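Undergrad: Generate coordinates for the sequence data below:
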Amino acid sequence: MLQINPYFRISVEDALNHPCFAKIKKSAKEVVAESAVNIEFEDQQTDKLMLRQLFLKVCSEIQADPDYRK
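TA: Numbers count the residues shown, from 1 in each chain. Prediction:
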C-alpha cells in the first residue's frame, strides 16, 4: 500500500486480506467510507521520507477529527 509508484501498489482489499493482518483483523469494525478519500499530495513528486511525513500528518489529522470512529 505504501509504494510510491501506484503501478506497484496492491489494492486495499488485497492489503486487508494479506496474511500479515490475519491475527489482528476485526471485520466487524470495518466500515466503508461514505465518499472517496482525497489525499492532496498524491500528485506531488515526493521521496520516501517526505511521503512518510505526509502520511503521518494525514493520520494525525484523521485521529484528531471528533467524528473519527475508533
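Undergrad: List the contacts of the longest helix seen in the chain.
TA: Using DSSP state H to define each element, the chain has its longest helix at helix 48-64. Outside of helix 48-64, the residues within contact range by CB atoms under 8 Å, 6 or more residues apart in numbering are 2, 4, 39, 41, 46, 68. To be clear about C-beta, it is placed using only N, CA and C from the backbone, and glycine gets the same treatment.
Undergrad: for stretch 6-22, same thing?
TA: Contact partners of stretch 6-22, identified using CB under 8 Å, 6+ apart, comprise 1, 2, 3, 25, 30.
Undergrad: Can you pick out the most distant pair from those residues?
TA: The largest separation in the contacts of stretch 6-22, counting by CB to CB, is between 3 and 30 at 22.4 Å.
Undergrad: what's the spacing between the longest helix of the chain and its chain's center?
TA: In this view, helix 48-64 has its centroid 10 Å away from the chain centroid, taken as CA atoms, centre = their mean, to the nearest Å.
Undergrad: buried residues in that helix?
TA: By neighbour count with 16 or more other CB atoms under 10 Å, helix 48-64 contains the buried residues 51, 54.
Undergrad: As PDB, could you dump the C-alpha coordinates of that helix?
TA: What follows is helix 48-64 as a C-alpha-only set of coordinates in PDB (Å, rounded to 0.1, in the frame of the first residue of the first chain):
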ATOM      1  CA  LYS A  48      10.100   8.200   0.700                       C
ATOM      2  CA  LEU A  49      10.900  10.400   3.700                       C
ATOM      3  CA  MET A  50       8.600  13.200   2.600                       C
ATOM      4  CA  LEU A  51       5.800  10.700   1.700                       C
ATOM      5  CA  ARG A  52       6.100   9.100   5.200                       C
ATOM      6  CA  GLN A  53       5.900  12.600   6.800                       C
ATOM      7  CA  LEU A  54       2.800  13.500   4.800                       C
ATOM      8  CA  PHE A  55       1.000  10.200   5.600                       C
ATOM      9  CA  LEU A  56       1.800  10.700   9.300                       C
ATOM     10  CA  LYS A  57       0.300  14.200   9.100                       C
ATOM     11  CA  VAL A  58      -2.900  12.900   7.400                       C
ATOM     12  CA  CYS A  59      -3.200  10.200  10.000                       C
ATOM     13  CA  SER A  60      -2.800  12.700  12.800                       C
ATOM     14  CA  GLU A  61      -5.500  14.900  11.300                       C
ATOM     15  CA  ILE A  62      -7.900  11.900  11.000                       C
ATOM     16  CA  GLN A  63      -7.300  10.900  14.600                       C
ATOM     17  CA  ALA A  64      -7.800  14.400  15.800                       C
END
